[in-house]
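1. My questions concern the predicted model and sequence given below.
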Amino acid sequence: MSIRQEIEKREEEMLAEYATRSANSRGRAREEEDDPIRSCFMVDRDRIVHSKSFRRLKHKTQVFIAPPGDHYRSRLTHTLEVNQIAKTIGAGLNLNIDLIEAIALAHDLGHTPFAHAGEQILDSLVDGGFKHNQNSIRVLTRVEQHRKGPGLNLSWEVLDGVIHHSGYDSSDELASTLEGQVIRLSDKIAYVQHDIDDSIRAGLLVLEELPREYLDVLGYTHSKRIATLVTDTIMHTRCLIQQGKQVVVKPSPEIDRALKGLRKFMFEAIYNGPVCQAERSRAAFIVEHLFKYYKKNPHRMSPLYLEIAQEEGLDQAVIDYISGMSDEYCIESFLEIYVPRSLVPEAKKGLDSKGK
Ligand code: MG
């Protein structure tokens, strides 16, 4: 018996009956030999961590664009916070932690530079629109490469969890696995709480402005609110399971109402507030102009995107290229293309500034 088979056997014996077992995966788009050590979800998680798109998350905006401090969240630290919250909920429900981790680490790979500002402008520029969760699938199945094939060739359950991670306050379809459902909720638990923390850090919000009715329920500190949400989700879901009801991962109605209330408050006060809106229009300006530039000058993109342009059209190639950019690379590209530069050599400029 291989080590992987030992792991699969452990999953069979130890995970909850409603957990997803790697041995029962619906598989990958391209057939592959099983790994001797790792389960299919462990392999997927590792491919995601080793991808270039994952590394670029460190320079992609969470909410605040290029914040002047080391302690603000980036898209990478958001992803890690989602992962930690989701693994705790997963452990409390005895689910497949490797699958949870793979979905968590991949869920936002399709986010554009400048977060929702980039997403909104790309959405308006192409037929068929643009959504970051669909773009995460695009990154995972086409833009990233595995053994020179398109995409990372991940398991079906990972892709299903990624596509269904957004749309908390809607009737959008849920992920087929409970592990995928855990990510959708953990994403909201993470960003509402850490965006409150970052907004206070930025001086855009003081704790007293947050609606008391929700803090009374969830707690008055960052860690207390996360602990309340995580614990309640585990206990409420376990309760539903014990009652023999259809298993859906969710918090109790009172806690759910408080989380949704705080999220709505954050949309009004911060995400759609005056400071973020002002930054958003500048970010949109940059993305829109880069889109126009690469449409006219496709040869300035790397060879992969020229190949995509030939196969799927120029719009798709430019979207893939721009959406993959980090904030910094996007700004650098804009400066290089659109901002005139001095032709005076640096050494000469230094002499002049000293008046010599
Ligand atoms: Mg997210």
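-> Looks like it came in fine.
2. Excluding chain neighbours, give the residue nearest to the residue in the stretch 151-300 of the chain positioned nearest to the ion in space.
-> Proximity of the stretch 151-300 of the chain to the ion (Cβ to the ion) peaks at residue 187, 4.2 Å away. Using the backbone N, CA and C atoms, a C-beta is placed for each residue, glycine as well. The spatially closest residue to residue 187, leaving aside those adjacent along the chain, is residue 82, at 5.2 Å (Cβ to Cβ, 6 or more residues apart in numbering).
3. what's the answer for residue 304, then?
-> Nearest non-adjacent residue to residue 304, counting by Cβ to Cβ, 6+ apart: residue 143, 7.3 Å away.
4. List the residues that contact that neighbour.
-> Going by Cβ atoms under 8 Å, 6 or more residues apart in numbering, residue 143 touches 53, 151, 304, 308, 320, 324.
5. from these, which single one is nearest the ion?
-> Out of those, the member with the shortest distance to the ion (by Cβ to the ion) is residue 53, at 14.0 Å.
6. Please report the distance of the closest one from residue 241.
-> According to Cβ to Cβ, to the nearest Å, residue 53 stands 35 Å off from residue 241.
7. what are the ranges of the strands in the stretch 151-300 of the chain?
-> Counting by DSSP state E, counting those that start in this stretch, the stretch 151-300 of the chain forms no strands at all.
8. which parts of it sit against the ion?
-> residue 187 (Cβ under 5 Å from the ion).
9. Okay, now the unreliable bits of the stretch 151-300 of the chain?
-> Scanning the stretch 151-300 of the chain for pLDDT under 70 picks out 168-171.
10. let's see 90
-> 166-173, 242, 244-247, 271-272, 274-281 (pLDDT under 90).
11. who's more crowded, residue 53 and residue 241?
-> residue 53 (21 against 17; other Cβ atoms under 10 Å).
12. Which helix or which strand is home to that one?
-> Secondary structure from DSSP states H and E places residue 53 in helix 52-56.
13. packing partners for that helix?
-> Helices and strands touching helix 52-56, by 3 or more Cβ pairs under 8 Å, 6 or more residues apart in numbering; DSSP states H and E: there are none.
14. Next, the buried residues of that helix.
-> Judged by neighbour count (16 or more other Cβ atoms under 10 Å), helix 52-56 contains these buried residues: 53, 54, 56.
15. The second one is in contact with residue 107, isn't it?
-> Right, the one you point to is residue 54. No - using Cβ atoms under 8 Å, residue 54 is not in contact with residue 107, being 11.2 Å away.
16. Tell me how many other residues surround residue 301.
-> By other Cβ under 10 Å, the burial measure for residue 301, its neighbour count, is 18.
17. who's in contact with it?
-> Contacts of residue 301 (Cβ under 8 Å, 6+ apart): 294, 309, 317, 318, 321.
18. Next: residue 43.
-> residue 35.
19. Check whether it sits in a helix, strand or coil.
-> helix (DSSP: H, G, I helix; E, B strand; the rest coil).
20. hang on, residue 150 in a strand?
-> Yes - counting by three-state DSSP, residue 150 falls inside a strand.
21. contacting residues for the residue lying closest to it once chain neighbours are set aside?
-> Of all residues not flanking residue 150 in the chain, residue 142 sits nearest, at 4.9 Å (Cβ to Cβ, 6+ apart). Residue 142 is in contact with 150, 151, 308, 320, counting by Cβ under 8 Å, 6+ apart.
22. how close does the second one sit to residue 316?
-> According to Cβ to Cβ, residue 151 stands 14 Å off from residue 316.
23. repeat for the first one
-> Look at residue 150 and residue 316: by Cβ to Cβ, they are 13 Å apart.
24. Just want the phi and psi numbers for residue 146.
-> phi -130, psi 120 (degrees, to the nearest 10).
25. looking at it, residue 95 is touching residue 14, isn't it?
-> No - contact criterion Cβ under 8 Å: residue 95 and residue 14 do not qualify, at 11.2 Å.
26. more neighbours, those two?
-> More crowded of residue 95 and residue 14, by other Cβ under 10 Å: residue 95, with 24 against 9.
27. which one is that one nearest to, not counting chain neighbours?
-> residue 19 (4.5 Å).
28. What does the pLDDT read for the one you found?
-> Looking at residue 19, its pLDDT stands at 97.
29. List the single closest residue to residue 273 in space, sequence neighbours excluded.
-> residue 204 (7.2 Å).
30. what residues are up against residue 290?
-> 322, 330, 333, 334, 337.
31. Reformat the residues you listed into TSV and put secondary structure and pLDDT next to each item.
-> Listed next are the contacts of residue 290 as TSV, based on DSSP: H, G, I helix; E, B strand; the rest coil; pLDDT from 0 to 100:
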residue	secondary structure	pLDDT
322	helix	97
330	helix	94
333	helix	95
334	helix	95
337	helix	93
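32. just these now: which is nearest residue 35?
-> residue 322 (34.4 Å; Cβ to Cβ).
33. Quickly note the distance from that closest one to residue 144.
-> Look at residue 322 and residue 144: by Cβ to Cβ, they are 16 Å apart.
34. Residue 17 is in contact with residue 247, correct?
-> No - with contacts counted by Cβ under 8 Å, residue 247 stays clear of residue 17, the gap being 9.6 Å.
35. between the two, who's got more neighbours?
-> residue 247 (16 against 7).
36. Next SSE downstream of the helix holding residue 53?
-> Following helix 52-56 in sequence, per DSSP H and E, is helix 75-92.
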